[in-house]
Structure formats: C-alpha cells, structure tokens
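1. I would like to see how this sequence folds:
(chains A and B, ligands or ions: 2)
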Amino acid sequence: MKTVQFELNGKSVSVSANEDEPMLWVIRQQLGLTGTKFGCGSGFCGSCTVIMNGEAVRSCTLPAIEAAGTKVLTIEGLSSNGELHPLQEEFVKSDALQCGFCTPGMIMNAYGLLLKNPEPTNEEVVIAMDENLCRCGAHGRIIQAIQNAGKQMKKSVAP
Amino acid sequence: MNNDKKINKRVLGNMRNPFGMDRRDFMKRIGTGLVVAFSVGNTPLKAGMLAQDDTPGVNAFLRIGEDGRVKVYVGKIEMGQGPITSLPMEVADELDVRLEDVDMIMADTDLCPWNEGTYGSLSTRVFGEVLRGAAAKARAILVKMAAEELSLGVTELETRDGIVRSKKDSSKKITYAQLTKGKEILETSVGDVALKKTSEFRIMGTSKLRVDSREKVTGEALYAGDIQIPNMLCARILRPPSLGSKLLNVDTTQAELMEGVEVVRDGDLVAVLHPSQHIAGKAIAKVTAEWEEEKVDINQDTLFDHILEVATESRTLASEGKLEQGKEAAVKNINSTFLDPYIAHSPIETHTATAMMEDGRMKVWASCQTPYPTRDGIAEELGMDQKDVQLLPIFVGGGFGGKIYNPQAIEVARLVKLTSKPIQLVYTREEEFIYDRLRPAAVVKIDAGLDEAGKISYWDFAVHQGGGREAVHFYDIPNSRTRTLSAPRGAMGHPFYTGAWRAPSVNTNTFARESQMDILAAAAGVDPVEFRLRHLEHDPRMANVVKTGAERFGWTPAKGPSGRGHGFAVGIDVGTYVVVFVEVEVDKNTGYVQVKRAVCCQDMGMVVNPQGAILQMEGCILMGLGYALREEIQFESRKMLSTNFDSYAITQFNMAPEIDVFIVDSKDEVPYGGGEPPIVVMGGAVANAVFDATGARVFRQPLTPERVKEAMG
Ligand code: FES
Ligand code: FES
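-> Residues are numbered from 1 along each chain as shown, chains lettered A, B, ... in the order given. Ligands and ions are numbered 1, 2, ... in the order given. Take a look at the predicted model:
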C-alpha cells in the first residue's frame, strides 16, 4: 500500500492504493465519485475516461500511484455551482445519449480533445472519439454536441 | 398465434393480482389525494383482450396529491428507450396538467404495480394506453368534482394546466390540488372514458428532449453499481472455463490468506468478498479449480452444419397456395442459404447488482429489464416471501433484451443471505459475454422462383434454429410456405444460452428475406424498388413507406448491380413498417465496407414523442451496422473466445454514416412499436448495397472485409 496524493476536481486528496490498483476503483470506491463508469476494465470502451494533467486517460488501466502529484478531473468536477459545462449543455440539447452509461466517458474524452483542439472538424472528432464505445448508437449526436460545445467555449472566452 | 400476440398475452395475462394487498393498505402506502388505478385489460383500446375479472389487477396508477403534482407509478424501467420522457407526456396530455408537474416513479417493486418487464417495444404500444386511460379517468373525476364545487354542469367546464374552469367565465375555476385536498379517493373502474383523439393532443405528438439527460451528463444518474452502502463488500465468483463445465475440486486457501478476503462457498457457488473491487479480483484469481469440460466439436465456422443437422423438427407457420404449382410456373429458381452467427447484447454497463438486508427484507438494485420477475426469482431461490424482497428504481445502462435475464441479481442475493452483509456484484466484461443470452445463430434457406412475367411464383422459407417472428413474408406471392426448424427437446441446439436480442429473430428473418428479394429482382432484371412495389399491390401502407423512403433517399431506378452502392431493405417490427436505404463504398482491395449514408422511413402509427422516436431510429441504424458488418461471437466447443471489445467489435464512430430519419404521417391512431424497427432491416440493406456496388452477394453475416473480398472473387 502506498499513499498517493493528487488533486481531484480542484481539491487535494490522499488515498492509499496498491501497486497495481486502477485509478477507476480508487475514484469510485475510495473517493465515492461514481460518475466514472466501469465498462470493460481493459481500456477498450472509454467509459472510465478522466482527465489527468490535461490529457484524457482511461482510469481502468491507469495505476492510481501514477496519479501522484497530478491534477485529475472527473465528470463531477466539470460543472461548477450547478452550472453545466458547455459540453454537458450541448449533450443535453442534442439528446446525445440514451442509456447514458457511456456519457461521462464520452464527455471527458471530448473535453480532452477540446483542450487541444477547440474547433475540431467532424473527422477530427471521429478520430478522437473512435475508441469510446456507445452501444445505444448516439454517435451522430455526440459528434454534433462536441462540435457545438467547441464553438460555445470559444465564444465564452472570446474578448 | 403470432409472436406479437403472444407477447401481449404474456403481458396482459400476468397481471392478475399484482399488488396482493387490500384497498386500505394500498392507500396507506401511496398517500392521500385522488388515486386512479388501472389495468391493461380495462383500456378502451384493449378491451376484450382479457376475460372479465372481479378483482382487476392493477398495472399502473397515478395519484394527484394536495400539492397538485401528479405521481405516476409504473413497473417500467429506463434503459435508454425513453419511457421516462414519453409516459409523462401521455399522462399530462390526457389529464391536462403541465408536463413539469408529472413525476415518474419507475419500478420500485414496493410501490409500483407488477409488470412483466420492459422490452418488445411494449412501453408505448400497450402501456401508454393504460396510462392514458387512467389519466383520462382522473380528469373526468376532477371535472365532476369541480362541477359540484362550482355549481356548474360538467359540459360547461374545461381543463388546462391542472385547473378546471368555466368555459364562459374563466374567473370561475378551481385547481386539481384544491379539489383533491384532504380527500382519499381510489378509483379502479376506468374503461369508460374516451381517450383524446390525435387532433386534440397538446403534448403528445410534439418533440421533447429527454428528461433524464441532466443527471446523465453530470454523472449523478445512479446505476446499479453506483449504489454505495457502508461496509459493502465486492464479490467475484469462480467461473468455469466453458459453459457446461462440472466443478471437480476447488482450492481457496491462497485466497483465504489474503488480508480481508472472505471466501464463501455454497454448493456450486464459490465467491470471494472484499471491500475493494480490485482486491476481490485478485483474490478470485488465486482460487484454483479443476473442471470437467464438456466438449462439443463446433466453432463459429462449423456451427452452421451443426444447426442444419440438429434442426429437424419442422413447424409450418403459414402456407398459401400450392408450392408445386408455383414451381411449375417458374422459369427461374433461386435457392439461397443465409447464415447468421451468435451475437451478444454488449450493453456498456455489464450485469450488475447491489443488495443488502434491512429489517429482514432484501433490498436489491439490479441492472435489469425485469424487476418483478427478478424479485420473484430471488424470493424463490432464497425461500423468501415475495413481499420481503424489494427491487429499487435505478437507471439501466442499456439492455436490448439482454437484461431480461439476471443471474447476477440472484447470485448477489444468495451471497447477502449467506453473509448478512451488503454486497455488490459487477460482472466483468468476460462474464458478460459468457452469461449473455445471445441472439441465436441461424440458417435460413429460401427457395423461390420467378414466372415469365418476372413475378415471384413461389416462396419456400425455412429458418433453422432462429425464431419465427416476422418469418412470414408480406409480399404478393401466390404460393408460399414458411417454416421454423428446431432441435428436438433434449438435443443441444445451441452451445450457449440464447435469448431475445433487440427485435428477436426479426433481424435474421429480415436479412434473409430482403437479400433474397434483391437477388430475385436482379434475376428478373428489374429495379429493386420497382420489384418490391410489384409485390406490394395489396399493401398500400408498406408501398407508401417504400416509395417515401426511395424519394427521400433520391433513388433512381436501375437494375442491380448498378455500381452505385445503393441498397435497401423493408421490414415489419411490432406493427411498425420500416425501410432503410443505404449508400455504401466498398474498398475493392480489402473488401472493407463503409456506409456513407442511411435514410430511414417508418410508419409507426401514433407517435407520442417524435424526438424520442427519432433517437431510437438513429440508434437502431448505428447499432444495426454492428451486426451487419462486424459482430460475431468467436468460440470453440462451449468456450467463448470473444471476451471483450477487442475480440468482439461493435459500432464505432468511424462507421457512423450521415443519417436521415423520417416518420411517415400515419393514418392510425394507435401506436406501434418504436423501440427497434430500423435495426431489423440494417443487415439486408447493407448486403443489398454491397451487391449493388460490387455485384458480389454475401450470404453470411456479418459482412466482414474477408467475406466481401471473397464474394468479389
Ligand atoms: S472501463 Fe476503462 S476503457 Fe472500458
Ligand atoms: S448512451 Fe447507452 S451506451 Fe451510449
């Protein structure tokens, strides 16, 4: 067991984790944030995606000890004071979900994309999102929502 | 009896005494106000489907409380198809309240009446009417009460937004809340109030966004695995290497040595428990066991020979005219064999359940489509009284028919009973594959012929080891026969569990029928749209769907293969008529198929929430591309080789075509199924478009690059 400290959604946290304990279970069980989902446990579906130091990562295959000293953002940290982030807002407006189980991972992965590329083309969204799986078939609307959110975010930071 | 009727009968027939409690208990549990309880058999539209019964079972009810809010109690669950959004629309419209004033209480087995489950597109089709009837009755009662209060005649009153008011003098009014205050009224006779006509709808028929999105985009929405109980343990269960294996011996000592790990053994159930999911996973890996595996000489390629061999029991579903006569009239015969593999449901949420004992009662949160049968199953397994088991409401992360069966809920309840501790069981993706009730693999043989005029003179359809739903064609064919062939009782028909995969059997039967229609059209040298229409003269509703789809797609007549990569298929699912046209691009070197564009038209009767219907249509197109192009369970003997998304690929973003979906204006006032229609035609549409692009016909799904390449020669 090792003690691991990192910043989670803006707050400093400290957990004890096994050498190979995945971040996913630390977040869900020790820290009690259940928005980050388990879908496959092997890095194939993306439903466990979180942001670590500005990069979208799959928390099911990320040993928690590697998060030491980093800044981690989960779906719970995206909205502030009850106000939805533009990505969340656009997912709602576009009805870009059905069962919603893939949704937190989709949004976090998209967040990682928009950090790097605020106005991605359709093709760029597809490439970035391709390995996030949605069984309900919300793909088209998810692409739309991400592009709209990019535009919204740009507007809100523009002078 | 066709399958649709069978489903209805099952649903309707099972709703005798869902509560098993008397009136007073009922009101005590629900609270005061006006309560209208309703059973499916009483709806005006379904009247006569059930024999009269003195003690009508309750299928749903709604309560108008003193605060004016309407609480609707239904046994349905929300797994993505949107009843959480559409059912309140129906209530609000019939009752004349604002949509925001309706609260849904879904599938809490203590509060909501018994329900068979959420599948088969039943929610709107059958259940919506139940609710509408209840709401209409509630409105009628309120108007009557208001008439007394206001000293006006019932016909002088109108209702809007939870208020009854005089038509002439709008200052004379009273709210529903005022009317129900302090009252305790239970109404159960409800077949006598007419439902609104489509032209009177104010909310139904308008598009509404999902009401559950906000909680889903913030991560607040709770699924079965999100329930966290103090001192809860995570379970992992010892699994056999292949289905049907017998446990010879097991050694748990290594696991027991691990700190904090508890090992539970109860007959064939061997489980490890630990507060951490991660450690429970490590512990189960330390359990060693010896198994006797059952060996059968079969894999995903030899499977079809096995099916043809074992499926010997023939049942004729329909026959018309005389096949012999049709054969004599034929100038061309086409005998085709279509092959469908096993496919998995693969919801992104695996089967999950969390349970605990509280005051001698078992509380369960399970990712399931069938809370009531699951509750009953748990009670039976544990020898508990049904009323001592409660399933609580929870979002379900996709079901598609796969969560009708819930072994995880039974397992977790057994473990809770054995240990008296709260326990959570999250199936791994591997477990999800092994214990899934797969879509059955099947072989469909169709022998058909064309007469001199280019019309089909006979059609002999036989589905082996698939199901019969929508196996019977809907074309004008004078001589035809439809059969199912199944393994006799006791024989191993399928090496895996099989079950209902979204629109069960319809995908298989539609792929085969529509491929064969396309083959016949090409053999007749006729444009495939024209060919369908020639055989749809008796069915203007279907002909209209085909024509509308063709127009929307921009179809120009040409006989296949035209090289353009255009194809389509039509089908029926739970009364809804559907067509999908697609445009594909086929890489001639690799055989890779990219669907560029999909246009879908459906006639689904009355539509409650067009936006919700459109989401389902789009979803079905995208999910359907998975089975059409890549989904196939790999296995050897009874061992599953598809264990995760690396060995079982589903639809990904790069496969998403440009989609245009369109709901045809329907003359029907009744709703048909809207949960799954377009998925049934995706296989046929893609196969036909690939033929149109390349001239190559692929008879085996999915249309992997290898198969397409091989067919191109
Ligand atoms: S759960 Fe992490 S990628 Fe699937
Ligand atoms: S919305 Fe259900 S998996 Fe994406």
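2. please count neighbours and contacts with C-alpha atoms only from this point.
-> OK.
3. so what's the residue in the stretch 401-550 of chain B positioned nearest to chain A up against?
-> Residue nearest to chain A within the stretch 401-550 of chain B: residue B:429 (5.1 Å; CA to the nearest CA). Counting by CA atoms under 8 Å, 6 or more residues apart in numbering or on different chains, residue B:429 touches A:39, A:40, A:41, B:350, B:643, B:644.
4. can you list the domain ranges for chain A.
-> In the domain annotation for chain A, the residue ranges read A:2-76, A:86-157 (automatic domain parsing).
5. is the last one up against chain B anywhere?
-> To tie it back to what came earlier, the one meant is domain A:86-157. Yes. Using CA under 8 Å from any CA of the partner chain, a contact is recorded between domain A:86-157 and chain B, made by A:88, A:91-93, A:95, A:97-104, A:107, A:126-127, A:129-140.
6. residues near residue 108, how many?
-> I went with chain A, as the question did not name one. In terms of burial, residue A:108 registers 27 neighbours under the definition other CA atoms under 10 Å in any protein chain shown.
7. wait, chain B was what I had in mind.
-> Residue B:108 is surrounded by 22 other residues when neighbours are defined as other CA under 10 Å.
8. quick check: chain neighbours aside, which residue is closest to it?
-> Taking CA to CA, 6 or more residues apart in numbering or on different chains as the measure, residue B:108 lies nearest to residue B:392, with 4.6 Å between them; neighbours along the chain are not counted.
9. from residue B:428, how far off is the spatially most central residue of chain A?
-> Centroid-nearest residue in chain A, with CA atoms, centre = their mean: residue A:108, separated by 2.1 Å. Distance from residue A:108 to residue B:428, counting by CA to CA, to the nearest Å: 23 Å.
10. again with residue A:80
-> Using CA to CA, one obtains 33 Å as the distance from residue A:80 to residue B:428.
11. neighbour count winner among the two?
-> Each of residue A:80 and residue B:428 had its neighbours counted (other CA under 10 Å), and the higher figure belongs to residue B:428 (21 against 9).
12. the more buried one and residue B:352 touch, don't they?
-> No. Taking contact to mean CA atoms under 8 Å, the distance of 9.2 Å between residue B:428 and residue B:352 leaves them out of contact.
13. across the sheet, point out what pairs with the spatially closest residue to residue B:276 that is not a sequence neighbour.
-> Once its chain neighbours are removed from consideration, residue B:276 has its nearest residue in residue B:234; the separation is 6.2 Å (CA to CA, 6+ apart). Each beta-bridge partner of residue B:234 is listed here, defined by DSSP bridges: residue B:274, residue B:424.
14. excluding its backbone neighbours, what's nearest residue 144?
-> No chain specified, so I'll use chain A. According to CA to CA, 6+ apart, the nearest residue to residue A:144 is residue A:94 (7.4 Å).
15. um, chain B though
-> Beyond its immediate neighbours in the sequence, the residue positioned closest to residue B:144 (CA to CA, 6+ apart) is residue B:154, lying 6.0 Å away.
16. same question for residue B:277.
-> residue B:234 (5.4 Å).
17. contacts only, for the one you found.
-> Remark: with contacts taken as CA under 8 Å, 6+ apart, residue B:234 is in contact with B:273, B:274, B:275, B:276, B:277, B:280, B:423, B:424, B:425.
18. and the longest helix anywhere in chain A, C-alpha only, in CSV?
-> For chain A, the helix with the greatest residue count under DSSP state H is helix A:139-157. What follows is helix A:139-157, C-alpha atoms only, in CSV (Å, rounded to 0.1, in the frame of the first residue of the first chain):
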residue,chain,number,x,y,z
HIS,A,139,-22.7,8.6,-32.3
GLY,A,140,-24.0,11.2,-34.7
ARG,A,141,-25.5,13.4,-32.0
ILE,A,142,-22.3,13.1,-29.8
ILE,A,143,-20.2,14.4,-32.7
GLN,A,144,-22.7,17.3,-33.2
ALA,A,145,-22.7,18.1,-29.4
ILE,A,146,-18.9,18.2,-29.3
GLN,A,147,-18.6,20.5,-32.2
ASN,A,148,-21.3,22.8,-30.8
ALA,A,149,-19.6,22.8,-27.4
GLY,A,150,-16.3,23.8,-29.0
LYS,A,151,-18.0,26.8,-30.6
GLN,A,152,-19.7,27.8,-27.4
MET,A,153,-16.5,27.5,-25.4
LYS,A,154,-14.7,29.7,-27.9
LYS,A,155,-17.4,32.3,-27.7
SER,A,156,-17.3,32.4,-24.0
VAL,A,157,-13.5,33.0,-23.8
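19. in it, what counts as buried?
-> A:139-153 (16 or more other CA atoms under 10 Å in any protein chain shown).
20. give the other helices and strands that that helix contacts.
-> On a contact count with 3 or more CA pairs under 8 Å, 6 or more residues apart in numbering or on different chains; DSSP states H and E, helix A:139-157 meets helix A:86-93, helix A:122-129.
21. pick the most buried one from those helices.
-> Per residue and on average, the most neighbours among the helices and strands packed on helix A:139-157 fall to helix A:86-93, with a mean of 23 (mean count of other CA atoms under 10 Å in any protein chain shown).
22. helix or strand next in line after that one, which one?
-> Once helix A:86-93 ends, the next helix or strand along the chain (criterion: DSSP states H and E) is helix A:103-116.
23. nearest spatial neighbour of residue B:188, skipping sequence neighbours?
-> If you skip the residues right next to it in sequence, residue B:188 has residue B:37 as its closest partner in space, 5.0 Å away by CA to CA, 6+ apart.
24. make sure the one you found is indeed in a strand.
-> Yes. Under DSSP: H, G, I helix; E, B strand; the rest coil, residue B:37 sits within a strand.
25. look at it and report its pLDDT.
-> The predicted local distance difference test score for residue B:37 is 75.
26. how about stretch B:543-558 as CSV, C-alpha atoms only?
-> This file holds the C-alpha atoms of stretch B:543-558, laid out as CSV (Å, rounded to 0.1, in the frame of the first residue of the first chain):
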residue,chain,number,x,y,z
ALA,B,543,-45.8,0.5,-50.5
ASN,B,544,-46.1,4.1,-49.2
VAL,B,545,-43.2,3.5,-46.8
VAL,B,546,-41.0,2.2,-49.6
LYS,B,547,-41.9,5.0,-52.0
THR,B,548,-41.4,7.7,-49.4
GLY,B,549,-38.0,6.2,-48.4
ALA,B,550,-36.9,6.0,-52.0
GLU,B,551,-37.9,9.6,-52.7
ARG,B,552,-36.2,10.9,-49.6
PHE,B,553,-33.0,8.9,-50.5
GLY,B,554,-33.1,10.2,-54.1
TRP,B,555,-33.4,6.7,-55.5
THR,B,556,-33.2,6.5,-59.3
PRO,B,557,-34.4,3.2,-60.8
ALA,B,558,-31.7,0.9,-62.1
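27. many thanks, we can stop here.
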